[in-house]
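Participant: just need the structure, nothing else, for what follows:
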Amino acid sequence: MLTQLFLLLFLGACILVVFENDLVRCLIFLGMSAAFLVILTYLYRAPDVALTFAVVNSTATTVLFLAIMKKVGVLKGDDTVA
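Facilitator: Modelled structure (predicted):
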């Protein structure tokens, strides 16, 4: 029962990622879907995979997306883009 709940939450977060227009909200929904996936892998008794995925997704992926959005000029407060 708990597994089905997190599968539905994961699916809902993935759908929100696809249909969201704002990139910052899209990044938030992407993080939510990754968190649900980490919980699912832990529930399937793969804590090493869950821990590795959590570390990689929470640090590398999020920082990389934020750096790219800052470089492109999507984030507010950037006056380098003409």
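Participant: where does this structure dip in pLDDT?
Facilitator: Counting by pLDDT under 70, the chain shows low-confidence ranges at 76-82.
Participant: that one: helices as residue ranges?
Facilitator: Using DSSP state H, the helices of the chain run over 2-19, 23-43, 47-55, 62-72.
Participant: now these as CSV including mean neighbour count?
Facilitator: For every residue, glycine as well, the C-beta is placed using N, CA and C. Below are these laid out as CSV (neighbours: other CB atoms under 10 Å):
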stretch, mean neighbour count
helix 2-19, 13
helix 23-43, 18
helix 47-55, 14
helix 62-72, 13
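Participant: which non-adjacent residue is nearest the residue minimising distance to the centre of the chain?
Facilitator: In the chain, the residue lying closest to the centroid (CA atoms, centre = their mean) is residue 31, at 2.1 Å. Take residue 31 and drop its neighbours on the chain: the residue closest to it by CB to CB, 6 or more residues apart in numbering is residue 62, 6.4 Å away.
Participant: with residue 75 instead?
Facilitator: Residue 75 sits nearest to residue 69 (CB to CB, 6+ apart), 5.2 Å away.
Participant: that neighbour reaches residue 26, doesn't it?
Facilitator: No. Shown here, residue 69 and residue 26 do not form a contact pair, counting by CB atoms under 8 Å, at 9.9 Å.
Participant: what about residue 73, how many neighbours?
Facilitator: 13 (other CB atoms under 10 Å).
Participant: state the distance from it to residue 49.
Facilitator: 36 Å (CB to CB, to the nearest Å).
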